[in-house]
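**Student:** Following is a predicted model, sequence given first.
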Amino acid sequence: MTRIGVVGVSGRMGKALVEACQNDQQVELTLAVQRTGSSLIGVDVGELAGVGKVGLIVVDNLVEQISQVDVVIDFTRPDFTLANLEICKAHKKPMVIGTTGFSDEEKQQIQQAGNAIPIVLAPNTSVGVNLSLKLLQLVAQVMGDEADIEIVEAHHRHKVDAPSGTALRMGEAVADALGRDLSQCAVYGREGITGERDPQTIGFATVRAGDIVGEHTVMFATEGERLEITHKASSRQTFAKGALRAAKWLQQQPAGFYDMQDVLALN
Ligand SMILES: NC(=O)C1=CN([C@@H]2O[C@H](COP(=O)(O)OP(=O)(O)OC[C@H]3O[C@@H](n4cnc5c(N)ncnc54)[C@H](OP(=O)(O)O)[C@@H]3O)[C@@H](O)[C@H]2O)C=CC1
Ligand SMILES: O=C(O)C1=N[C@H](C(=O)O)C[C@H](O)C1
């Protein structure tokens, strides 16, 4: 049994994680944290998540009750996640981080924390997206040098970061396979007289609309044919189940910096 602590339980992913914990016999939700001063403190977390009373109330302090968990799961915002990371480090608790929107420096900070505790950092915890990263490597190796590569992602209107963490990770996978540096070859959106396309670039386009859960397409287009790899998430449960899988795996690992490829043995 893996005892799980979820921070940011009021969020879309926070609630999805609470529901996933209720449906998984191998985990127990033992801590539910929300921001200090939130009107949700003291509320039953199952009622908050819409799955009925579960007998665990929302609290506002990770530090005080962290001894009750084996793994902390955090899908929130970079500033809050980094604060929680310090707490997990101090208390030697493994952490699954699904938050996106980190700067390169912040990602390095998380990577370094892997010297002290086991950490999974994954912009997308779904099995499908992580499998697609493998496929992308193969496609890039075979046709990437001849193809124009464009990444299109679509998410709900509430998403605050762009491009999505997943789109950036897909871009990195393709760039690495081609020996390119994504920071040098990425083009984020186009407008006006852009000139012809530079074949070395990897383009990103972002859609924000309605309640789209998460869609990503990587396009390899040559003169005469086009190969597209598309992933569409239709439920946040796919991310939540992946995060629980990562948490159960992480509980057995030594300190280190891991991603979903490690969890799914795709490396
Ligand atoms: N890895 C993956 O597979 C996936 C990753 N994500 C990522 O997860 C993150 C969360 O997404 P989502 O659930 O849609 O976001 P929401 O906005 O719905 O939820 C964010 C949660 O974090 C809390 N929070 C944010 N900032 C703070 C803070 N400074 N202090 C305390 N609490 C804070 C919010 O509390 P409050 O309401 O009080 O602000 C809320 O509970 C995003 O970065 C998103 O990109 C999303 C889906 C899948
Ligand atoms: O904010 C979201 O919703 C999602 N964010 C992640 C990302 O930025 O890649 C993953 C998923 O697509 C949903």
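**Tutor:** Thanks, I have the structure now. Ligands and ions are numbered 1, 2, ... in the order given.
**Student:** low pLDDT regions in the stretch 101-250 of the chain?
**Tutor:** Within the stretch 101-250 of the chain, no stretch falls below the threshold (pLDDT under 70).
**Student:** And the residue of it found nearest ligand 2, how far from residue 13?
**Tutor:** Closest residue of the stretch 101-250 of the chain to ligand 2, Cβ to the nearest ligand atom: residue 214 (2.8 Å). Where C-beta positions appear, they are placed from N, C-alpha and C, glycine not excepted. For residue 214, the distance to residue 13 equals 11 Å [Cβ to Cβ, to the nearest Å].
**Student:** show me what contacts the residue of the stretch 101-250 of the chain closest to ligand 2?
**Tutor:** 124, 153, 154, 155, 164, 166, 232, 233, 239 (Cβ atoms under 8 Å, 6 or more residues apart in numbering).
**Student:** Where strands are concerned, which of these count?
**Tutor:** 153, 154, 155, 232, 233 (DSSP state E).
**Student:** picking up where we left off before, restrict the contacts of residue 214 to contacts with ligand 1.
**Tutor:** Near ligand 1, taking Cβ under 6 Å from any ligand atom as the test, the members of these found are 124, 239.
**Student:** What's the ChimeraX syntax to select whichever of the contacts of residue 214 are buried?
**Tutor:** Buried members of these, defined by 16 or more other Cβ atoms under 10 Å, are picked up in ChimeraX with:
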select :124,153,154,155,164,166,233,239
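**Student:** Just the closest of the contacts of residue 214 to residue 245, please.
**Tutor:** residue 239 (10.7 Å; Cβ to Cβ).
**Student:** Okay, and the beta partners of the residue of the stretch 101-250 of the chain closest to ligand 2?
**Tutor:** residue 233 (DSSP bridges).
**Student:** mind listing what residue 118 touches?
**Tutor:** Residue 118 touches 94, 95, 250, 253, 254, 255, 256, 258, counting by Cβ under 8 Å, 6+ apart.
**Student:** roughly how far apart are it and residue 72?
**Tutor:** 11 Å.
**Student:** same deal with residue 158?
**Tutor:** 24 Å.
**Student:** Same check on residue 179?
**Tutor:** In terms of Cβ to Cβ, residue 179 sits 37 Å off from residue 72.
**Student:** Show me which of the two is the more surrounded one.
**Tutor:** More crowded of residue 179 and residue 72, by other Cβ atoms under 10 Å: residue 72, with 25 against 9.
**Student:** As CSV, the contacts of residue 118 with neighbour count and secondary structure would be great.
**Tutor:** Output for those, formatted as CSV (neighbours: other Cβ atoms under 10 Å; DSSP: H, G, I helix; E, B strand; the rest coil):
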residue, neighbour count, secondary structure
94, 26, coil
95, 27, strand
250, 23, helix
253, 15, coil
254, 7, coil
255, 14, coil
256, 16, strand
258, 20, strand
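**Student:** would a markdown table of those residues with distance to ligand 2 be doable?
**Tutor:** Shown next, in a markdown table, are the contacts of residue 118 (distance: Cβ to the nearest ligand atom, whole Å):
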| residue | distance to ligand 2 |
| --- | --- |
| 94 | 21 |
| 95 | 17 |
| 250 | 19 |
| 253 | 23 |
| 254 | 27 |
| 255 | 26 |
| 256 | 23 |
| 258 | 18 |
